[in-house]
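*Asks:* Sequence and predicted structure are below.
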There are 2 protein chains.
Amino acid sequence: MRKEYLMTAGPTPVPEKVRVAEAQPIIYHRAKEHREIFKRVSENLKSIFKTQNTVLTFTSSGTGAMEGAVVNTLSAGDKVLVVRGGKFSERWSEICVAYGIEVDNIDVEWGDIAAPGLVKEYLDKEPGIRAFFSTLCETSTGTLFPIKEYGELIKGRDNTIFVVDAISGLGACDIEVDKWGVDICVCGSQKALMLPPGLGFASVSEKAWGLVGSSRLPKFYFNFEKARSSLEKGDTPFTPAISLIIAMDASLKLLGEEGIGEILERHSLLASATRAGVQALGLELFSKYPANTVTAIKVPEGIDGSKLIDVLFYKYGVKVAGGQSQLKGKIFRIAHLGYMGQFDVIIAITATELALKDMGYGVEIGAGVKAAEEVLAG
Amino acid sequence: MRKEYLMTAGPTPVPEKVRVAEAQPIIYHRAKEHREIFKRVSENLKSIFKTQNTVLTFTSSGTGAMEGAVVNTLSAGDKVLVVRGGKFSERWSEICVAYGIEVDNIDVEWGDIAAPGLVKEYLDKEPGIRAFFSTLCETSTGTLFPIKEYGELIKGRDNTIFVVDAISGLGACDIEVDKWGVDICVCGSQKALMLPPGLGFASVSEKAWGLVGSSRLPKFYFNFEKARSSLEKGDTPFTPAISLIIAMDASLKLLGEEGIGEILERHSLLASATRAGVQALGLELFSKYPANTVTAIKVPEGIDGSKLIDVLFYKYGVKVAGGQSQLKGKIFRIAHLGYMGQFDVIIAITATELALKDMGYGVEIGAGVKAAEEVLAG
């Protein structure tokens, strides 16, 4: 018997109550019963986003909602700025390029962030920038970007919107959409919202809606206007992933009971404990600005990174992710995101100790767990 | 106690075994375990499509896959032909127009089809047509279009592809993608595949792949090339709706055990019994070419169509759909699609009898059920 523990930064574990809700008999979406649920979840999402803006829901991965953010606000030939420091922040550039948008990138080393001063310098030099794109938590490196500081830079600029991919971060790392001036905030279901993948979200500010009217890029499935006018009636333009909407009603109830403040504190505590645990084993964090969603850890010298992932899963049942692209084999990433409690951290650190010992890495058994527990004990 | 019966033409009921599979703990998609499942379902879909072509899976409604069919094969300014006879066939035109494609429509009365001769005449006159779009089963009117005959018209034309929306029809009404020369066949999960909504599919022929290379429309989320190259590794370009993929593995197992031939016969039998049942009550079918997915029935004179739908659901628990757009209040539609057996037809007809009697329509109690049962008895 080998119990399994999903500790990837998306998908994340889905609570039993939510899975049972997901498995209920399907109901018809063009009827009062579903409309009431869809209106309720769309309202309840706002407290997680910390916004009064409309939050649109699409049946797609988060990437679909990212594409929506681009095609609904921009036109071919527009100039935009993207901060890139990992696999996911590169996606903004890729989408924009696919749609004929002129993209300037501020590239930083993976694991690092772009200093707000650098972004300000660029924006001052290029006042024609139509949109500035960033990522809240760059999952590929476990790095938190300074969204609040970036937001301050955009606030005075009437012709520029601020668009944030908060897919893996929202609900785990603080983001205050309204206070920080995030015009479009994109999220996905399979992270802190404790749902299976399949839903993408976008909150849209009045400033961003202003651009929607003048955007000339073609769009259909991810049309924001259509989604908004349908939502007013509790509807969606096309058949939604009904079982995921029903599941979301259950997960938002759980999140609402805990409260967004407590949720963020829990993620902060679990992240601190995880960092303390791995560091007590002599391991190094990869990121210069570690996020509270996932801890990226350098694979120690002499250890085969892919094999470590396999030992953790096939011997100990703990599923963590490795590095992507240029980080393949060089890091492993332990998520503490979503439906996660203190004992999940203990499991992750224990498994890391055991697997490293199996592979011949000099590890003092129990040292990591002790350090993690000390953080949890407060 | 009021038991509920979902009898809409999408979503359709999901078998208990499939819902239990959907509710299993989430697994990581970038791992062998999920790749094996995704490869298997992608293979197994082919027998339902009756094709050797690659079948791509997108996390979206069927409409997303329809958009994919357009943006991956065409370029702005291309000329296409669409046959329209209902709400869903109009969608092909809407998508094409949104992308700057020149659309000619053959419009037929709702409930009717376009005669193949008419289509041939048009195609002969306009050899530059890049794609011909049709719908297998027009769900809004319960009408079956002559896809086989249309396919024959396209076979000799090297510069024209044949694209079919088989979202509600596939697996209920026969369609032989390869034999009939369907270049792109689009489907959705929430119909005959007995799944919740959230997955869209597209099979793509070699002829259609030929156009993919030259298409200049912008695309990202629904990029066919990316989806195909990922699928070769059992992967998807973006996080898929994992719980729905797992559910699909279970539903395709059930469908495989029954066999596509038997599935189509079952749908044919249930449709015949439903038609016989309602006609025995003196009701009229709306469609001139009734499909085996859903039976559209004219609301009899003097009866309030919206109220009938409400009585059926709130008093008897039977959820059927009404008419859409110009048919609102004028028809009601009983689906016999997907996870449906003979007793579902009996329930639908019995509820119709009882509801009509409640509303003062002169109905001989038991007459419809008797007629339906006679068909079922063979």
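*Replies:* Yep, that arrived.
*Asks:* Assign a three-state SS to the residue most central in space within chain A, would you?
*Replies:* Central residue of chain A (Cα atoms, centre = their mean): A:Ser168, 1.1 Å from the mean position. State at A:Ser168, reduced to three classes by DSSP: H, G, I helix; E, B strand; the rest coil: coil.
*Asks:* From chain B, how far out is the residue nearest to it when sequence neighbours are not counted?
*Replies:* Counting by Cβ to Cβ, 6 or more residues apart in numbering or on different chains, A:Ser168 lies nearest to A:Thr139, which is 4.3 Å off, once chain neighbours are set aside. Where you see a C-beta, it was placed from the backbone N, CA and C, and this is true even at glycine. Distance, A:Thr139 to chain B, by Cβ to the nearest Cβ, to the nearest Å: 11 Å.
*Asks:* Tell me how many other residues crowd A:Thr139.
*Replies:* Neighbourhood size, A:Thr139 [other Cβ atoms under 10 Å in any protein chain shown]: 29.
*Asks:* tell me how far stretch A:364-377 is from the chain's mean position?
*Replies:* 27 Å (Cα atoms, centre = their mean, to the nearest Å).
*Asks:* Export only the CA atoms of that stretch, formatted as CSV.
*Replies:* Written as CSV, here are the backbone C-alpha positions of stretch A:364-377 (Å, rounded to 0.1, in the frame of the first residue of the first chain):
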residue,chain,number,x,y,z
GLU,A,364,20.5,14.1,8.9
ILE,A,365,17.2,12.2,9.2
GLY,A,366,14.7,14.3,11.0
ALA,A,367,16.6,17.6,10.8
GLY,A,368,14.3,19.0,8.1
VAL,A,369,11.1,17.9,9.8
LYS,A,370,12.3,19.4,13.1
ALA,A,371,12.9,22.8,11.5
ALA,A,372,9.6,22.7,9.7
GLU,A,373,7.7,21.8,12.8
GLU,A,374,9.4,24.6,14.7
VAL,A,375,8.0,27.1,12.3
LEU,A,376,4.6,25.4,12.5
ALA,A,377,4.7,25.5,16.3
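*Asks:* Which residues belonging to it are considered buried?
*Replies:* A:Gly368, A:Val369, A:Ala371, A:Ala372, A:Glu373, A:Val375, A:Leu376 (16 or more other Cβ atoms under 10 Å in any protein chain shown).
*Asks:* Kindly report the same for stretch A:27-41.
*Replies:* Buried residues in stretch A:27-41 (16+ other Cβ under 10 Å): A:Ile27, A:Tyr28, A:His29, A:Ala31, A:His34, A:Arg35, A:Ile37, A:Phe38, A:Arg40, A:Val41.
*Asks:* before we move on, what about stretch A:62-81?
*Replies:* A:62-74, A:78, A:80-81.
*Asks:* Now flag whichever of these is closest to B:Val119.
*Replies:* A:Val71 (32.8 Å; Cβ to Cβ).
*Asks:* and that closest one, what does it touch?
*Replies:* Going by Cβ atoms under 8 Å, 6 or more residues apart in numbering or on different chains, A:Val71 touches A:Tyr99, A:Ser215, A:Leu217, A:Pro218, A:Lys219, A:Phe222.
*Asks:* which residues touch the closest residue to A:Pro196 other than its chain neighbours?
*Replies:* Distances taken as Cβ to Cβ, 6+ apart place B:Ser243 nearest to A:Pro196, at 3.9 Å, with adjacent residues excluded. The neighbours of B:Ser243, taking Cβ under 8 Å, 6+ apart as the test, are A:Val14, A:Glu22, A:Pro196, A:Pro197, A:Gly198, A:Ser243, A:Leu244, B:Glu22, B:Ala23, B:Gln24, B:Ile26.
*Asks:* Spell out which helix or strand contains the first one, please.
*Replies:* The reference is to A:Val14. Following DSSP states H and E, there is no helix or strand that holds A:Val14.
*Asks:* pretty sure it is touching B:Ile26, no?
*Replies:* Yes: if you go by Cβ atoms under 8 Å, A:Val14 and B:Ile26 touch, sitting 5.4 Å apart.
*Asks:* higher neighbour count, those two?
*Replies:* When neighbours are counted by other Cβ under 10 Å, A:Val14 comes out ahead of the other of A:Val14 and B:Ile26, with 28 against 21.
*Asks:* sorry, back to before: shared neighbours, A:Val14 and B:Ile26?
*Replies:* A:Pro196, B:Ser243.
*Asks:* and the stretch 251-378 of chain A, which residues reach chain B?
*Replies:* When proximity is defined as Cβ under 8 Å from any Cβ of the partner chain, the stretch 251-378 of chain A approaches chain B at A:Phe313, A:Lys319, A:Ala321.
*Asks:* following the lengthiest helix in chain A, which helix or strand shows up next?
*Replies:* Counting by DSSP state H, the longest helix found in chain A is helix A:260-280. Sequence-wise, the next helix or strand downstream of helix A:260-280 (DSSP H and E) is strand A:294-298.
*Asks:* neighbours of A:Lys226, just the number please.
*Replies:* Going by other Cβ under 10 Å, the residues that sit close to A:Lys226 add up to 16.
*Asks:* meant to ask about A:Lys179
*Replies:* 11.
*Asks:* Surely it forms part of a strand?
*Replies:* No: looking at A:Lys179 with three-state DSSP, it is coil, so not inside a strand.
*Asks:* tell me the contacts of the nearest residue to it once chain neighbours are set aside?
*Replies:* Leaving aside its chain neighbours, A:Lys179 sits nearest to A:Lys50 (7.0 Å; criterion: Cβ to Cβ, 6+ apart). When the contact criterion is Cβ under 8 Å, 6+ apart, the partners of A:Lys50 are A:Ile175, A:Glu176, A:Val177, A:Asp178, A:Lys179, A:Ile260.
*Asks:* 7 Å - rerun?
*Replies:* A:Glu176, A:Val177, A:Asp178 (Cβ atoms under 7 Å, 6 or more residues apart in numbering or on different chains).
*Asks:* ok so, going back, looking at the buried residues of stretch A:27-41, spot the one nearest chain B.
*Replies:* Set against chain B, the nearest of those by Cβ to the nearest Cβ is A:Tyr28 (4.9 Å).
*Asks:* ok, now how distant is the closest one from A:Ser251?
*Replies:* 22 Å (Cβ to Cβ, to the nearest Å).
*Asks:* Equivalent analysis for A:Gly261, please.
*Replies:* According to Cβ to Cβ, A:Gly261 stands 18 Å off from A:Ser251.
*Asks:* When these two are compared, which one has more neighbours?
*Replies:* Per other Cβ under 10 Å, whichever of A:Gly261 and A:Ser251 has more neighbours is A:Ser251, with 27 against 9.
*Asks:* I'd assumed A:Met194 was in contact with the more buried one.
*Replies:* Yes: contact criterion Cβ atoms under 7 Å: A:Ser251 and A:Met194 qualify, at 4.6 Å.
*Asks:* where do the contact lists of those two overlap?
*Replies:* Shared contacts of A:Ser251 and A:Met194 (Cβ under 7 Å, 6+ apart): A:Pro15, A:Val18.
*Asks:* Could you pull out the helices in the stretch 201-350 of chain A for me?
*Replies:* Ranges of helices in the stretch 201-350 of chain A, per DSSP state H, counting those that start in this stretch, are A:206-214, A:224-232, A:242-258, A:260-280, A:305-310, A:342-358.
*Asks:* how about the third one: buried residues?
*Replies:* To tie it back to what came earlier, the one meant is helix A:242-258. Neighbour-count burial for helix A:242-258 [16+ other Cβ under 10 Å]: A:Ile242, A:Ser243, A:Leu244, A:Ile245, A:Ile246, A:Ala247, A:Met248, A:Asp249, A:Ala250, A:Ser251, A:Leu252, A:Leu255.
*Asks:* Tell me which residue of the stretch 201-350 of chain A lies closest to chain B.
*Replies:* A:Ala241 (3.3 Å).
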